[in-house]
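J.: The sequence and its predicted three-dimensional model are supplied below.
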Amino acid sequence: MRTVALILIIAGVLALSFGGFSYTQDKTVAKVGTLELNAKETKTVNFPMWGGVAAVVAGGLLLLLGGNRR
């Protein structure tokens with residue numbers, strides 16, 4: 001339980017710090033016989049601020065209320 005809580009807290013802090021990430025995807029625009037025209041498309045994934053806050057709060061609650069089972 002403690003590991004899940006720490007992962008949530010770290011993920012929430014990272015989401016709040018960076019706000020999102022970008023990646024590049026190769027896309028085939030046209031293909032005629034053996035000739036192929038490709039393009040690179042950059043996509044951005046944004047994390048909502050409330051999602052980062054919710055992850056930190058949920059991780060904190062799990063850490064505090066998770067119990068002391070061994």
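T.: Sure, I can see it.
J.: going forward, measure contacts and count neighbours with C-alpha atoms only.
T.: Will do.
J.: hang on, residue 23 packs against residue 46?
T.: No - between residue 23 and residue 46 there is no contact under CA atoms under 8 Å: 11.6 Å.
J.: For stretch 40-53, buried residues please.
T.: 47, 52-53 (16 or more other CA atoms under 10 Å).
J.: ok, which stretches of the protein are strands?
T.: Remark: strands assigned in the chain by DSSP state E are 20-32, 35-46.
J.: right, so of the ones you listed, which gets closest to residue 7?
T.: strand 20-32 (17.3 Å; CA to CA).
J.: what residues does that closest one touch?
T.: 36-47 (CA atoms under 8 Å, 6 or more residues apart in numbering).
J.: partners of it, with directions?
T.: Take DSSP bridges as the rule and strand 20-32 pairs in its sheet with strand 35-46 (antiparallel).
J.: residues contacting the closest residue to residue 56 other than its chain neighbours?
T.: Spatial nearest neighbour of residue 56, excluding adjacent residues (CA to CA, 6 or more residues apart in numbering): residue 9 at 4.4 Å. Taking CA under 8 Å, 6+ apart, we find residue 9 in contact with 55-60.
J.: 10 Å instead?
T.: Residues near residue 9 by CA atoms under 10 Å, 6 or more residues apart in numbering: 3, 15, 52-60, 62-63.
J.: Kindly state the pLDDT recorded for residue 35?
T.: Note on residue 35: pLDDT of 91.
J.: mind checking how far it is from residue 29?
T.: 11 Å (CA to CA, to the nearest Å).
J.: and what of residue 53?
T.: 40 Å.
J.: Just to check, residue 3 is in contact with residue 60?
T.: No - using CA atoms under 10 Å, residue 3 makes no contact with residue 60, being 11.5 Å away.
J.: so who does residue 3 touch?
T.: 9, 59, 62-63.
J.: how about the residues you listed in JSON lines, adding pLDDT and distance to residue 19?
T.: Listed next are the contacts of residue 3 as JSON lines, based on pLDDT from 0 to 100; distance: CA to CA, whole Å:
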{"residue": "9", "pLDDT": "93", "distance to residue 19": "15"}
{"residue": "59", "pLDDT": "93", "distance to residue 19": "19"}
{"residue": "62", "pLDDT": "92", "distance to residue 19": "24"}
{"residue": "63", "pLDDT": "89", "distance to residue 19": "24"}
